[in-house]
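[1] predicted structure and sequence below. I'll ask about it afterward.
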Amino acid sequence: MKISFAPPHIDKAVIDEVVDTLQSKWITTGPKVAALENEMQNFTASKAAICVNSWTSGAILMLKWFGIKPGDEVIVPAYTYCATALSVLHCGATPVMVDIEEDFCISPNAIIKAITPKTKAILAVDIAGWPCNYDMLNNIIRDPAIIKQFTPESDKQRILGRILLIADAAHSLGATIDGQPAALKSDVAIYSFHAVKNITTAEGGCICLNLPDRFIIEEERRYLKMYTLNGQSKDAFAKYQGQGWRYDILFQGLKINMPDICAAIGLAQIKQYSEKLLPLRKAIALKYMRAFSTKDWFIAPPLFDFDRESSYHYFPLRIKNVTEQQRDLIIDDITKHGVSVNVHFIPLPLLTYFKCLGYNINNFPMSYLEYSTEISLPIYPQLTDKYTDFIIKAVVDAIDHQFYPNRPKATRRRPVPVLVNAR
């Protein structure tokens with residue numbers, strides 16, 4: 001049996017939506033993108049949504065919008081995908097890396113220690129669908145002593161009057177805090193629609209705005225839409241609809257718009273997300289939790305507690321008391337069974353480029369610990385009981401048989417609680 005890690009969910013609804021786009025003769029940015037933006041705005045309860053061609057583009061856009069420039073600092077976790085820090089570097093600013101907590105998310109205490117008068121923004125990363133502790137992060141950026149340090153140097157910074165809080169929500173579409181969409185807890189939430197994400201457009205992303213009321217949201221939305229099209233005053237679809245051929249370039253923008261042919265895939269999927277796709281993902285995560293909770297090597301990942309709930313992007317299995325090398329051998333063994341797994345993430349200071357910039361993994365012990373003991377298990381709607389049973393058996397066999405070959409089988413004990421992240 002061969003089980004992929006994260007194939008896209010392509011059903012008849014997706015195919016029909018894409019065919020409709022092709023038959024419309026309009027495949028670049030147009031009505032499908034507008035429809036997906038409307039769906040995203042409603043789903044996340046945000047004030048506005050702007051689709052782009054990738055999460056990375058969206059992050060660069062919002063940092064530039066805020067006036068991030070050389071000499072500025074943006075706080076990011078060391079435990080994330082490279083795009084989080086690269087988006088800061090693309091603006092000429094400095095990524096200030098901090099460590100994470102046991103739940104994979106950025107450490108609020110580490111953030112407090114890292115803030116300086118140069119700090120302009122925080123990029124908090126939701127991992128595996130689990131949202132950061134945004135209540136604590138909001139308390140930090142609104143603390144009078146922290147606000148006093150803030151030195152605004154652009155119009156947007158002067159309007160906001162504090163550090164900008166951006167949620168790297170690439171994994172967390174559908175995550176909730178206090179029963180509401182997690183996007184509402186940050187100034188900006190940026191989602192990824194990459195092929196492996198819960199909702200995909202093959203490549204793409206979406207910026208969701210929840211800026212304070214002192215911003216005129218519709219004006220910001222229109223400005224950002226122009227920014228995605230080179231700062232052009234009129235897009236191609238407007239001209240196609242008879243609004244005239246003449247346009248102007250109002251500022252130095254980027255070319256990062258999402259085309260309709262991509263938006264069609266995500267549009268079909270998001271219409272099924274709440275009622276079908278997300279519940280299926282949750283059911284698989286809970287099945288993994290029940291299956292592994294009797295194993296004394298199992299460290300339960302955070303799925304939900306009294307405030308937060310994951311979007312169940314993948315299942316971050318962690319194994320007690322193994323080295324990175326042992327974890328790699330376990331992965332090799334699982335793969336030999338035909339099951340594709342992954343690791344999220346290689347901490348940035350372990351990557352050559354960031355090493356060359358002077359970042360040292362020894363400064364981020366929790367990031368290394370989580371990385372070295374983690375195996376990402378697949379979650380997606382196409383995984384039937386037959387496949388999940390096979391995955392569970394492959395994982396248990398790889399760990400028990402390879403590292404505890406002479407240990408008698410453990411007696412059944414009380415399962416690890418689902419509500420907490422226990423180490």
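    Cool, the structure landed.

[2] send the alpha carbons of stretch 368-385 over as PDB?
    In PDB, the C-alpha atoms belonging to stretch 368-385 read as follows (Å, rounded to 0.1, in the frame of the first residue of the first chain):
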ATOM      1  CA  TYR A 368      15.500  22.000  18.200                       C
ATOM      2  CA  LEU A 369      13.800  19.600  20.700                       C
ATOM      3  CA  GLU A 370      10.400  19.800  18.900                       C
ATOM      4  CA  TYR A 371      12.000  19.300  15.500                       C
ATOM      5  CA  SER A 372      14.200  16.400  16.600                       C
ATOM      6  CA  THR A 373      11.300  14.400  18.100                       C
ATOM      7  CA  GLU A 374       8.500  15.300  15.600                       C
ATOM      8  CA  ILE A 375       7.000  13.300  12.700                       C
ATOM      9  CA  SER A 376       4.200  14.800  10.700                       C
ATOM     10  CA  LEU A 377       1.500  12.300   9.900                       C
ATOM     11  CA  PRO A 378      -0.900  12.900   7.000                       C
ATOM     12  CA  ILE A 379      -4.400  14.200   7.400                       C
ATOM     13  CA  TYR A 380      -6.700  14.700   4.400                       C
ATOM     14  CA  PRO A 381     -10.300  13.900   3.500                       C
ATOM     15  CA  GLN A 382      -9.400  11.000   1.200                       C
ATOM     16  CA  LEU A 383      -7.900   8.900   4.100                       C
ATOM     17  CA  THR A 384     -10.500   6.200   4.800                       C
ATOM     18  CA  ASP A 385     -10.400   4.000   7.900                       C
END
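
[3] gap between it and the chain center?
    15 Å (Cα atoms, centre = their mean, to the nearest Å).

[4] quick check: buried residues in it?
    Using 16 or more other Cβ atoms under 10 Å as the test for burial, stretch 368-385 gives 368-381, 383. Every residue, glycine included, has its C-beta placed from N, CA and C.

[5] do the same with stretch 264-275
    Under 16+ other Cβ under 10 Å, the buried positions of stretch 264-275 are A264, I265, G266, L267, A268, Q269, I270, K271, Q272, Y273.

[6] circling back: most widely separated two among the buried residues of stretch 368-385?
    Using Cβ to Cβ, these reach their maximum pairwise distance at Y368 and P381, which is 33.1 Å.

[7] any chance of the buried residues of stretch 264-275 in JSON lines, with pLDDT and secondary structure too?
    Listed next are the buried residues of stretch 264-275 as JSON lines, based on pLDDT from 0 to 100; DSSP: H, G, I helix; E, B strand; the rest coil:
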{"residue": "A264", "pLDDT": "98", "secondary structure": "helix"}
{"residue": "I265", "pLDDT": "98", "secondary structure": "helix"}
{"residue": "G266", "pLDDT": "98", "secondary structure": "helix"}
{"residue": "L267", "pLDDT": "98", "secondary structure": "helix"}
{"residue": "A268", "pLDDT": "98", "secondary structure": "helix"}
{"residue": "Q269", "pLDDT": "98", "secondary structure": "helix"}
{"residue": "I270", "pLDDT": "98", "secondary structure": "helix"}
{"residue": "K271", "pLDDT": "98", "secondary structure": "helix"}
{"residue": "Q272", "pLDDT": "98", "secondary structure": "helix"}
{"residue": "Y273", "pLDDT": "98", "secondary structure": "helix"}
